[in-house]
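>>> I need the structure of the sequence given here:
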Amino acid sequence: MFGSKKLNDLMAQLRPDLSRESLGVGPAFPGVAPNPLLSSDARKRNAELRTGALALGVLVDWREVGGDGSPRVVLMLDVETAGGISFRGIADEDLTITELTRLAPGQTLPVRYRPAVMDHYVALARDADPAQVRRLSDEIASRKRT
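Numbers count the residues shown, from 1 in each chain. Here you go, the predicted structure:
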């Protein structure tokens, strides 16, 4: 989950709810960083995700993983891209208490992903233009009807 097999085994024992199987991702998923602020890979990934391609994710479930101040949550989403690709996406987000209480399975959220990497990581697209999200939603819905 985090690089070394020994650390993966330890994390699977400590947090079985964050295992690859529990999250619904394959063996290639690198895992959830214990502290993304201390991980240079996580910081780089988050910066890339902020400028990633827009997609829509349907919230499947979430796990609270801690956080000082605002809760840190791992969101599991079934993501569909404009190009018709579907995958299980994992977003590691700091949410406010208000945002956390509004989470509901089945909720559709705009997300960003890295098309060149396709490693299951996504980020909530809080900056997305509502008109662009609507167009993407209409495009995905029309593809499903045909």
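>>> Where do the strands of this protein begin and end?
53-66, 72-81, 86-94, 108-113, 121-124 (DSSP state E).
>>> Who does the fourth one pair with, and is each partner parallel or antiparallel?
Strand 108-113 sits in its sheet next to strand 53-66 (antiparallel), strand 121-124 (antiparallel), going by DSSP bridges.
>>> Which of those sits closest to residue 144?
strand 53-66 (11.6 Å; Cβ to Cβ). From N, CA and C alone the C-beta is placed, and that goes for glycine too.
>>> tilt between the longest helix along the chain and strand 86-94?
When the chain is parsed with DSSP state H, its longest helix is helix 130-145. Angle, helix 130-145 to strand 86-94, by axes from the mean of the first three to the mean of the last three Cα atoms, to 10 degrees: 150 degrees.
>>> Would you mind pulling up the elements that helix 130-145 packs against?
When contacts are defined as 3 or more Cβ pairs under 8 Å, 6 or more residues apart in numbering; DSSP states H and E, helix 130-145 packs onto strand 53-66, strand 108-113.
>>> any chance of those in a markdown table, with mean pLDDT, distance to residue 45 and mean neighbour count too?
Formatted as a markdown table, those follow (pLDDT from 0 to 100; distance: least, Cβ to Cβ, whole Å; neighbours: other Cβ atoms under 10 Å):
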| stretch | mean pLDDT | distance to residue 45 | mean neighbour count |
| --- | --- | --- | --- |
| strand 53-66 | 92 | 14 | 17 |
| strand 108-113 | 96 | 11 | 22 |
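>>> what's near enough to touch the nearest residue in space to residue 51 that is not next to it in sequence?
Using Cβ to Cβ, 6 or more residues apart in numbering and skipping the chain neighbours, the partner closest in space to residue 51 is residue 112 (7.5 Å). Contacts here follow Cβ atoms under 8 Å, 6 or more residues apart in numbering; on that basis residue 112 touches 49, 50, 51, 52, 53, 54, 55, 122, 123, 124, 125, 128.
>>> can you list the residues you listed in a markdown table and add distance to residue 102?
Listed next are those as a markdown table, based on distance: Cβ to Cβ, whole Å:
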| residue | distance to residue 102 |
| --- | --- |
| 49 | 22 |
| 50 | 22 |
| 51 | 26 |
| 52 | 23 |
| 53 | 25 |
| 54 | 21 |
| 55 | 20 |
| 122 | 18 |
| 123 | 18 |
| 124 | 12 |
| 125 | 16 |
| 128 | 17 |
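>>> That's all I had, so thanks and see you.
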